[in-house]
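Student: Predicted model follows, preceded by the sequence.
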Amino acid sequence: MSSSNIGRFIIFSGLIYFATNLSGPFFTPYMLNELKFNYLTYTIINSASALTTLGSMTYWGKRSDRAGTAKVIKTTMLLVPLVPIAWLISGNIYWIILVQVFSGFAWAGFGLASTIFIFDASPQNDRTRYIALFNAMSFGGVFLGALVGGMVTPLLPQIKHSQFLTIFLISGVARMMVGIILLPRISEARNVPEISTRRLLFEGLGLTKIRGLQRYISRQISRLKNRRQP
């Protein structure tokens, strides 16, 4: 599998889901048992991620069509490792809702682009086999990640009096390492134009107009200051 582009991507997917699920099962007990959130708060937090995922699909779909799915995967892999690490900053409900919105946005792009990439990169006459391998590796990573996370978490030192936060940090670092090692070896399966990560993320969001407005305001302030000078 390591000798082909699609095979390397399947290996990458299995490892990234393994790294993700080192911490995946433990966000719920952390919120309910350690942060003492009630079920209404817990539902709101999870809904923030789910609604953001749904709302981001069109955004990521347009960018996958234009820049290619490999570019979207590599871009979202800059964001995905930050999700569990962000939980270490604060247990405030508003911060965690913001983190969940960020998580839904990042995972929406990764999940959508990964699914499309399998269809783009796999040979048409052997596509079913590659889809089966992709699913087997991904869900195998989910299973093994949760199993290993459950075994090692009770043995870990605490961060802010919580072993959950320690496994969150380990999961974030593991995701980052998988991306750094394997993503450079995965190439785009379609012919698409080169586009910068910054342009991919922000084009079409009106930021160019906002920057223009900022420059205009700055110029007007400078003119007022110059007029006030004797």
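Tutor: Noted; the coordinates are in hand. Residues are numbered from 1 along each chain as shown.
Student: Could you count how many residues lie near Ile97?
Tutor: By other Cβ atoms under 10 Å, 16 other residues sit near Ile97. (C-beta placed from N, C-alpha, C; glycine too.)
Student: Would you verify that it is located in a helix?
Tutor: Yes: counting by DSSP: H, G, I helix; E, B strand; the rest coil, one finds Ile97 located in a helix.
Student: Find me whatever residue is spatially closest to it, sequence neighbours aside.
Tutor: Ala48 (4.9 Å; Cβ to Cβ, 6 or more residues apart in numbering).
Student: mind checking which helix or strand the one you found is in?
Tutor: helix 39-67 (DSSP states H and E).
Student: Report the mean per-residue pLDDT for the helix or strand that that helix is followed by.
Tutor: With elements assigned by DSSP H and E, the helix or strand that comes after helix 39-67 is helix 69-76. Helix 69-76 shows a mean pLDDT of 92.
Student: I'd like to check what contacts helix 69-76. Which residues are they?
Tutor: Applying Cβ atoms under 8 Å, 6 or more residues apart in numbering, the contact partners of helix 69-76 are 60, 63-64, 106-107, 109-110, 112-114, 116-117, 120, 179, 183, 186-190, 192, 195, 197, 200-201.
Student: now it and helix 39-67, what's the angle there?
Tutor: 140 degrees (axes from the mean of the first three to the mean of the last three Cα atoms, to 10 degrees).
Student: buried stuff in the helix holding Ala48?
Tutor: By 16 or more other Cβ atoms under 10 Å, the buried positions in helix 39-67 come out as 41, 45, 48-49, 52-53, 56, 59-61, 63-64, 67.
Student: next one: stretch 185-201
Tutor: Result for stretch 185-201 [16+ other Cβ under 10 Å]: buried residues Ile186, Glu188, Ala189, Leu200, Leu201.
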